[in-house]
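Undergrad: sequence and predicted structure, then a few things I'm wondering about:
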Amino acid sequence: MKGPLLVVAPHPDDEVLGAGGTIARLSAAGEDVYVVIVTKGFPPHWDEAFIARGRAEAAEAHRVLGVRETFFLDFPAAALDTVAHRDLNARMGEVFARVRPHTVLIPFVGDIHADHQLVFLSALVASRPSTAAPPRMVLAYETLSETNWNAPYLSPAFAPNVYVDVSDQLDTKVRAMECFESQIKPFPHERSAEALRALATMRGCTVGVRAAEAFVLVRQVW
């Protein structure tokens, strides 16, 4: 895996839950890492203070991980299905055209949240081989409390076939997640530091390392 790396997140913190260790590893290796956060909350479901807090938390988390730049598309959270798909595709395409990523990390299509499913589709549209600079690698990440809360045997199952060793970056990932004070929860909630460490340990044991993040390979071009 190499940069420029673009991580597509439906909501703030998805990028950390799914790929925080990978982001930290690539940025430490000198690769340019970008994040695009697709949605934001809007009143009356979220007040302005909560929205501002979430954006500040994302900025701090990305500083911890070494993200070079963050893009905010500001589509309505939990209401992407009210947005014309062409509009989401167009804004996503603008980010892809600017970053020209070698590698793209996107949410998994089987996630329970409809925003994740729609972002998956738009990210694939932006990754089409017919674009001016298509990414050479597209991977889907897993998001705790989304990917594994789907319907077994009815929704697409997350069966990873790519693993990134994040043994040296797991503490950084957890520290970045802890920046999201409005989102992180006490154990045994899935959005807890303990759950992040448990999943990374389990994924790591699968491939013989102390900690790993797992992905489904969507496309790779050599």
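TA: Here it is on my side, so go on. Every value quoted in this text rests on a predicted model; they were computed, and no experiment measured them.

Undergrad: pull out the buried positions in the top helix by length along the chain.
TA: The residue-count maximum for a helix in the chain (DSSP state H) belongs to helix 48-65. Within helix 48-65, the residues that qualify as buried are 51, 53-54, 57-58, 60-62, 64-65, counting by 16 or more other CB atoms under 10 Å. In this view, the C-beta of every residue, glycine as well, is placed from N, C-alpha and C.

Undergrad: then stretch 213-221?
TA: For stretch 213-221, burial by neighbour count (16+ other CB under 10 Å) applies to 213-216, 218.

Undergrad: circling back to that earlier point, wait, which of the buried residues of helix 48-65 is closest to Ile112?
TA: Nearest to Ile112 among the buried residues of helix 48-65: Gly54, at 20.4 Å, using CB to CB.

Undergrad: isn't Ile184 right up against Ser192?
TA: Yes. The criterion here is CB atoms under 8 Å, and Ile184 meets it with Ser192 at 6.6 Å.

Undergrad: quick one: list the elements packing against whichever helix or strand Met177 is part of.
TA: Met177 is part of helix 170-178 when elements are defined by DSSP states H and E. For helix 170-178, the packing partners by 3 or more CB pairs under 8 Å, 6 or more residues apart in numbering; DSSP states H and E come out as helix 14-28, helix 48-65, helix 193-207.

Undergrad: got the contact list for Pro10?
TA: 37-39, 80, 107, 113, 115-116, 119 (CB atoms under 8 Å, 6 or more residues apart in numbering).

Undergrad: which secondary structure elements does the longest helix of the chain sit against?
TA: With contacts defined as 3+ CB pairs under 8 Å, 6+ apart, helix 48-65 has these neighbours: helix 14-28, strand 33-40, strand 69-76, helix 170-178.

Undergrad: out of the ones you listed, the one nearest Leu124 is which?
TA: strand 33-40 (13.7 Å).

Undergrad: residues touching the helix or strand of the chain with the lowest mean pLDDT, excluding its own?
TA: In the chain, no helix or strand scores lower on mean pLDDT, DSSP states H and E than helix 48-65, which sits at a mean of 93. The contact list for helix 48-65, computed with CB under 8 Å, 6+ apart, reads 12-13, 16, 20, 23-24, 27, 33, 35, 37, 40-42, 70, 72, 172-173, 175-177, 179-183.

Undergrad: 7 Å instead?
TA: With contacts defined as CB atoms under 7 Å, 6 or more residues apart in numbering, helix 48-65 is touched by 12, 16, 20, 23-24, 27, 35, 37, 40-41, 70, 172, 175-176, 179-182.

Undergrad: then stretch 118-125?
TA: 8, 10, 38, 80-81, 85, 88-89, 92, 104, 106-109, 140.

Undergrad: and with 6 Å instead?
TA: Residues outside stretch 118-125 that contact it (CB atoms under 6 Å, 6 or more residues apart in numbering) are 8, 10, 38, 80, 88-89, 92, 106-107, 109.
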